[in-house]
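**Student:** Make a model of this:
(4 chains)
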Protein chains: 2
Amino acid sequence: MARYAKALGHPVRIFVMDLLSKQSCCYSGDLTDELPIAKSTLSQHLKELKEAGLIQGEIEAPRIKYCINKDNWAEAQKLFKDF
Amino acid sequence: MARYAKALGHPVRIFVMDLLSKQSCCYSGDLTDELPIAKSTLSQHLKELKEAGLIQGEIEAPRIKYCINKDNWAEAQKLFKDF
DNA sequence: ATTTTTGTTCGTAGTTTTACGAACAGTATG
DNA sequence: CATACTGTTCGTAAAACTACGAACAAAAAT
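**Tutor:** As a prediction, this is how the structure comes out:
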């Protein structure tokens, strides 16, 4: 629970999750266009979301398609709701 | 949104919010009894929750009664739900 | 008035987070 | 094969987080 909250505790990561919740999938490039941060920084945030289990990446060469991890996202929402 | 999530991104603060959601109010002493941390550390966590707007403290000398800030908590829950 | 109770603030230390650019790796394209 | 595209990893630096004990503040109890 704290792990999920912590992963969401940054504006960039909220932005990413918000986008993914609206369009289910996206590429890093979509995000770098809209966010004023270096691609290496974005990569770190995506890594954190991935390690928290909130998203998953699928190789679609030469890009990577990121999607919400629906199971874990559902669990996180349930945890917040039941709180 | 990120502010609320960040405030919840620590096990101790989750514990506090969980307790408060069950019994609406509590004193610091209740928490120090149950948590293996120094009272100064707890005080810092409570301060963070307070600054994030999730709880509020009311002096009830010589103690302080902490309660959930219902308005902000409701807002936070709505934000998570609508996500 | 002194002591006790409750909790905050201060100073400190170690760890983690956030951010950047440079260098690297893998795949696609010319 | 060489080049371009996409993204990760590495090294670094500044800031924030976490935790502790000691010192402090305010009110209650003795």
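**Student:** mind listing the helices for chain A?
**Tutor:** A:2-7, A:11-23, A:28-34, A:39-51, A:70-81 (DSSP state H).
**Student:** how about those helices, which one is nearest chain B?
**Tutor:** helix A:2-7 (3.2 Å; Cβ to the nearest Cβ). C-beta here means a position set from N, CA and C on the backbone, and glycine is covered the same way.
**Student:** sorry, back to before: and of the helices of chain A, who's closest to residue A:61?
**Tutor:** Smallest distance to residue A:61 across the helices of chain A (Cβ to Cβ): 13.2 Å, for helix A:28-34.
**Student:** export the closest one as CSV, just CAs?
**Tutor:** Coordinates of each C-alpha in helix A:28-34 appear next as CSV, following Å, rounded to 0.1, in the frame of the first residue of the first chain:
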residue,chain,number,x,y,z
SER,A,28,8.2,7.0,-24.0
GLY,A,29,8.4,9.4,-26.9
ASP,A,30,4.9,10.5,-26.3
LEU,A,31,5.9,11.5,-22.8
THR,A,32,9.2,13.2,-23.6
ASP,A,33,7.3,15.4,-26.0
GLU,A,34,4.9,16.6,-23.3
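**Student:** circling back: highest mean neighbour count out of the helices of chain A?
**Tutor:** helix A:2-7 (a mean of 20; mean count of other Cβ atoms under 10 Å in any protein chain shown).
**Student:** elements contacting that one?
**Tutor:** With contacts taken as 3 or more Cβ pairs under 8 Å, 6 or more residues apart in numbering or on different chains; DSSP states H and E, helix A:2-7 sits against helix A:39-51, helix A:70-81, helix B:2-7, helix B:11-23.
**Student:** circling back to that earlier point, between the helices of chain A, which one is nearest to residue B:16?
**Tutor:** That would be helix A:2-7 among those, by Cβ to Cβ, at 11.3 Å.
**Student:** Indicate whether that closest one makes contact with DNA strand C.
**Tutor:** Yes: interface with DNA strand C: helix A:2-7 contributes residue A:6 (Cβ under 7 Å from any atom of the strand).
**Student:** what do you get for stretch A:56-71?
**Tutor:** Yes: contact check for stretch A:56-71 against DNA strand C, using Cβ under 7 Å from any atom of the strand: residues in range are A:61, A:62.
**Student:** State the mean pLDDT of stretch A:37-57.
**Tutor:** Here stretch A:37-57 scores 97 as its mean pLDDT.
**Student:** now stretch A:13-32
**Tutor:** 94.
**Student:** Quick check: residues of chain A near DNA strand D?
**Tutor:** Looking at DNA strand D, the residues of chain A close enough under Cβ under 7 Å from any atom of the strand are A:27-29, A:32, A:39-40, A:42-44, A:46-47, A:57, A:62-64.
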